[in-house]
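Student: Just to be clear, the model below is a prediction. Sequence and coordinates:
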Amino acid sequence: MKQILELRVNGDRHEVGVPTHFTLLETLRYVLGLTGSKQGCDKGDCGACTVIVDGEAVLSCIMPVQEAEGREVRTVEGIAGRRGAHPLQKAFDLTGAAQCGFCTPGILCSALALLEVNPQADRDEIARALSGNLCRCTGYTKIFEAVLLAGQAMSSGREPAEIIGEP
Amino acid sequence: MAKLTGRELYVDDLPSADHLWGATVRSPSPRGRITAVEFDPSIDWSEFVIVTADDIPGRNAVFLMEYDQPALADGYVRHVHEPVVLLAHPSRDIVRRAAALVTVRVELEAPVLDFCAVPEAGGIQHGTDNVLKHILIEKGDIEAALAAAPIVVEGEYFTGSQEHVYLETQGMRAHVDGDVLVIQGSMQCPYYVVKALVPLLDRDEAGIRVIQTATGGGFGGKEEYPSMIAAHAALLSLKSGRPVKLIYDRWEDLAVTTKRHPSRVRHRTGVDSDGRLLAQDIEIVLDGGAYVTLSPVVLSRAVIHAGGPYACDAVRIDGRAMLTNSAPFGAFRGFGAPQAFFGLERHMDVVAARLAMDPAAFRRVNLIRDGQQTGTSQTISDGADRLEVLDTALAACRWGTRREQIRRHNESHPLAKRGLGLAVFHHGAGFTGNGEVMLQSVVHVAATPRGGVEVRAASVEMGQGTTTIFTQLAAERLGLDPDTVEVAQPDTHRVPDSGPSVASRTAMVVGYLVEQACDDLRRRLGLTDAARGDAVAEAIRTWYAAPGQEELVGEATYLQPSHVEWDEETYRGDAYGAFAWAAYVAEVEVDLKTYSTRVTDFVAVQEIGRVLNQTLATGQIQGGVAQGIGWALLEDFSWRDGAMQNCQLTNYIIPTSDDLPPIRVEFLETPYSHGAQGAKGIGELPMDGPGPAIANAVAHALGVPAVAIPLTPERLMAEHDGLAAREAS
């Protein structure tokens, strides 16, 4: 059984026919071809599928797609602006916070949802915001550095590279 | 940046419009004869592609070291979840549901599940004793040394298994392109897949092309098992004539793929009253699981490292890997060394306590000095200052002061006990002994028409930074702008066999070959070794300016450094060309209301030759330490019939951002002459230290034995209650 839904993803409107049992993640990946959001467990345990819905980080692998209708969905593909990478992406790049990259889209979404509300979040607040996003490569230390740096950039309007004194 | 924008394509991200989806039907039993395979009659099976062992064109084995593990069980199973039947269907949902409607009937035979017990006659399934591999290392007269030692301390230590939990589950895509079978997927060793498929499919290497896709973490888990999944995807694709994707979900990945070998390590150690080691008698037993796979070489690394970075004249290390009816255990970062070091470094604290010596002081007495020999009689003379490694770690955590502060804290805090624990260790980089000679790795560096180069190697990027390191090495060797250096995606029809991406060998061994291939390219251009930058770029452009000019490729093949001599028969000699040296300190706090343990500080100091890239090297160490913390405290298994039962990330717990302290990393650098720019391998090193450092810290906090990990709250409560009961009686 399929159903026609209207979705708003990264500012674009899509009218899509989706199987009624599909999750938001399945719709993003298999219907819209937005494969940046990852399936790490399909049970809401690992956070790799995290996207932003109406400003809030949600687990798209356990959200029925119907619940996203009429709401603003943002995925990793929509983080960069027209003028290039977002400060959060630049901060991850500069600090080496992405290793294998598989958890990264979800972590970026969780971090962005936090920083847009609270760019001056401290380490404990970041730890709590990211505690539903598993990473097996980094030990999280560099992810904390990246999110703290991005928060500084977002609240000061300065470039992350400038803040850490990179050329 | 592709990883930060969602553009990086992992195997499940490849377009899937015209694909079939594969699924695997598995054995429900640990051991026995297959009596029937029943297909539920309510399903129209004509919609499915069905593959059994009868469909295998060549030899039914996933070849790695031996031909003993079938790709699909043929009449007999040796472990739960052993693959028996493959299905494919256009719908991913339907094929997964259908797999559950095929029933494999097995006439159960008594399985062997305890790797430490002597198997009964009916349980023998390999040789005469189920020993998959036995290794004995002997140096000096161990019995005489033990008899003469004024103090002998015994101990027995256990480590549990561990799942890799790479965030990307395993998966492969297979399709046929003309005469060529193309495999794309998540893997560490593209040529291992080729070598497994050649005999299985009865095809030559020209007929099999293996391409690594972006790989979401490996840690050893994508060393050997991808060959099995590739075999299955290939069989389904060859039978159906359609592209097939076979992607494991998390439950299947946790249940069926390889894991770290569980171990038991026993020590009998002779010391004098000054704390000098006189005798190390060590026995290691590993659970190998149902097939040989990589257990012999995992055992090899375990026994070689088992004596640690200490000088001792009388050493005996006796190691066995045992067959059991569990899914085969396999490669995992550290490769046997973490198990050996858990036993050794926990035992070093036990011996120090018997001597009433400070644990750091006891290690200092015995730490190997240049000119002294390891357990395999390898003379160490690399110029590295191992005492400085230890002292740097002790200074970073203020060892003496902190131990005293903790003692006072614990006196006044009945329910929150702190402890500080140390582990000192080393890790050999590259394949053991003559392994690199056997591999004969090759690297190509090709000149590109715009005046740059392309590095062609089979070493994969899986998050550890291969692409960055190879770019950096080639750019610096030739003086080129890094933007003109490309690194080829590993594709066995485009890149030579530079060996597997394992054993901490990529930067040190393969990176060294990248440099040599750059030199070879320069010579082919008619330039001297001093030519750099514009001179190189210009010579390349001039080469291609001639019409019809063929591609210019520099090449390098591995040559054993002349200082390495190894005797595989006696296990004596230079086990590795280079060792990295490390001292790690963990501080913990144990909550005696919940018995949960938190690591509150972690110091990781290591000497790794030259640091090629500070950010990447630090990230490798921090990630390895986090994985080690998980192994020591959290990652526990529920087993039934040799199979993992807790196959979800809610009941197999790995560390989250809320569980870990900042991990403080320091490097000491003594360049190694046969590593790229003087580098030694580091990928596995950080897995060796956290287990014993944390167990030593917990023992320091509570006085419990802490001889087995993971130190879960349940285990710790039992140990602590046992201690209280003994004190009362």
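Tutor: That came through, no problem.

Student: can you pull the pLDDT of the residue in chain B that chain A sits nearest to?
Tutor: Across chain B, the shortest distance to chain A (C-beta to the nearest C-beta) belongs to B:Gly6, at 2.0 Å. In short, each C-beta sits where N, CA and C put it, glycine included. Here the pLDDT value assigned to B:Gly6 is 97.

Student: Same question for the one 4 residues further on.
Tutor: With respect to pLDDT, B:Tyr10 scores 98.

Student: Now the residue in chain B sticking out farthest from the centre: phi and psi?
Tutor: Going by C-alpha atoms, centre = their mean, the residue of chain B most distant from its centre is B:Pro547, 48.3 Å out. Phi and psi for B:Pro547, reported as degrees, to the nearest 10, are phi -70, psi 140.

Student: State the distance from it to B:Val536.
Tutor: Applying C-beta to C-beta, to the nearest Å, one obtains 22 Å for the distance of B:Pro547 from B:Val536.

Student: B:Ser459 contacts B:Val510, correct?
Tutor: Yes - taking contact to mean C-beta atoms under 8 Å, the distance of 4.9 Å between B:Ser459 and B:Val510 places them in contact.

Student: Looking at the two, which is more packed in?
Tutor: A count of neighbours by other C-beta atoms under 10 Å in any protein chain shown puts B:Ser459 above the other of B:Ser459 and B:Val510, at 33 against 28.

Student: Just want the phi and psi numbers for that one.
Tutor: According to degrees, to the nearest 10, B:Ser459 has phi -70, psi 130.

Student: ok, now which ones touch it?
Tutor: B:Ser459 makes contact with B:Thr466, B:Phe470, B:Pro490, B:Ser498, B:Gly499, B:Ser501, B:Thr506, B:Val510, according to C-beta atoms under 8 Å, 6 or more residues apart in numbering or on different chains.

Student: Restricted to helices, list the residues you listed.
Tutor: Using DSSP state H, B:Thr466, B:Phe470 are the members of the contacts of B:Ser459 that sit in helices.

Student: In a markdown table: the contacts of B:Ser459, plus pLDDT and distance to chain A.
Tutor: As requested, these are arranged in a markdown table below (pLDDT from 0 to 100; distance: C-beta to the nearest C-beta, whole Å):
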| residue | pLDDT | distance to chain A |
| --- | --- | --- |
| B:Thr466 | 97 | 11 |
| B:Phe470 | 98 | 16 |
| B:Pro490 | 98 | 15 |
| B:Ser498 | 97 | 20 |
| B:Gly499 | 96 | 21 |
| B:Ser501 | 96 | 13 |
| B:Thr506 | 95 | 14 |
| B:Val510 | 97 | 19 |
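
Student: Farthest-apart pair in the contacts of B:Ser459, please.
Tutor: Using C-beta to C-beta, the two most remote members of the contacts of B:Ser459 are B:Phe470 and B:Gly499, lying 14.0 Å apart.

Student: how near is the residue in chain A that chain B sits nearest to to B:Asp13?
Tutor: Per C-beta to the nearest C-beta, the residue of chain A with the smallest distance to chain B is A:Gly36, at 2.0 Å. Taking C-beta to C-beta as the criterion, A:Gly36 is separated from B:Asp13 by 8 Å.
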